[in-house]
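**Student:** Sequence first, then the predicted structure:
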Amino acid sequence: MRYLFMALCLLLPAAVFAADIDTDGDGLTDIQEDTVYYTDKNSVDTDGDGFNDKDELTNGYSPHIGFNERLINVDTDNDGLNDGYELALSSDIKNADSDGDGFNDGDEFKNEYDPTKPEAIKLEKRIDVDLSDQKLNYYLGPVRLNGFTVSTGKASTPTPLGTFTIEKKHPKAWSRMAGLWMPYWLSFNGVYAIHELPEWPDGSKEGANHLGVPVSHGCVRLGIGPAKEVYDWAPVGTKLTIHY
């Protein structure tokens, strides 16, 4: 037993060391290069474009294709799910069916299922609003699907901070207090909502030049186009986080 313990002690550091080996010194371990990114562990620049593999990945570029090709424009395994999304999901960029459940990764993701789990597990939908830079991003699981500039509450009528859920939806809510329509209304925390720029009864928009500036009475205003996109995507119950 003593000899077994000593042998394990000798093997453990070697195993830990092996996990940290970075033969080419590009910032990616050999294990990552072999099993996750499929890059060349003996070359810091797999595609020969003059940029370090890790730097390319960190900045959203493919280390396999030169000329500044974005990961979201590459689909190595032709499964309908781009490499950027696959890496965010931890699915296999070289296996069209990462979890081996008989369903293509891209099809699973389109139907909002986790392509890394053979069980039918739905990915969480969530919306994130950052008041500091006036941005709304929405996610399916760990994948950011899109983001838009917003206008949130001014200092005297701030947008509430915290975690909420979308409570109700209305394609064109009416505000009696303001005398304005609020298209694509997604309510949260009672009286607040994410919605399109307010609309006067004559059809003209209020505050079209205010996106990026906090001027609302507490709601989160989106521009024309983005508001409908978020409204159509987010069902009642969608998680919403608002923070600085």
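**Tutor:** Okay, I see it.

**Student:** Please verify my assumption that residue 103 contacts residue 91.
**Tutor:** No: using CB atoms under 8 Å, residue 103 and residue 91 do not qualify as a contacting pair, with a distance of 11.8 Å. (Glycine included, C-beta is placed from N, CA and C.)

**Student:** who has more neighbours, those two?
**Tutor:** Between residue 103 and residue 91, counting by other CB atoms under 10 Å, residue 91 is the more crowded of the two (25 against 17).

**Student:** if we can go back for a sec, give me the common contacts of residue 103 and residue 91.
**Tutor:** With contacts defined as CB atoms under 8 Å, 6 or more residues apart in numbering, the residues shared by residue 103 and residue 91 are residue 115.

**Student:** Now residue 221. Nearest residue, chain neighbours left out?
**Tutor:** Leaving aside its chain neighbours, residue 221 sits nearest to residue 151 (4.3 Å; criterion: CB to CB, 6 or more residues apart in numbering).

**Student:** Next one: that neighbour relative to residue 209, how far apart?
**Tutor:** 10 Å (CB to CB, to the nearest Å).

**Student:** can you check residue 158 too?
**Tutor:** In this view, residue 158 and residue 209 are 21 Å apart by CB to CB.

**Student:** These two: which has the busier surroundings?
**Tutor:** Residue environment comparison for residue 158 versus residue 209 gives the larger neighbour count to residue 158, 15 against 10, counting by other CB under 10 Å.

**Student:** For the more buried one, give me its contacts.
**Tutor:** Applying CB under 8 Å, 6+ apart as the definition, the contact partners of residue 158 turn out to be 152, 218.

**Student:** and what of residue 39?
**Tutor:** 28, 33, 46, 53, 63, 64.

**Student:** That one falls within a strand, correct?
**Tutor:** No: assessed with DSSP: H, G, I helix; E, B strand; the rest coil, residue 39 is coil; it does not lie in a strand.

**Student:** Can you give me the domain assignment for this structure?
**Tutor:** Here the chain is described, according to automatic domain parsing, as comprising the domains 12-110, 125-243.

**Student:** Quick one: these as JSON lines, columns for mean pLDDT and distance to residue 116 too.
**Tutor:** Output for the domains of the chain, formatted as JSON lines (pLDDT from 0 to 100; distance: least, CB to CB, whole Å):
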{"stretch": "domain 12-110", "mean pLDDT": "93", "distance to residue 116": "5"}
{"stretch": "domain 125-243", "mean pLDDT": "97", "distance to residue 116": "10"}
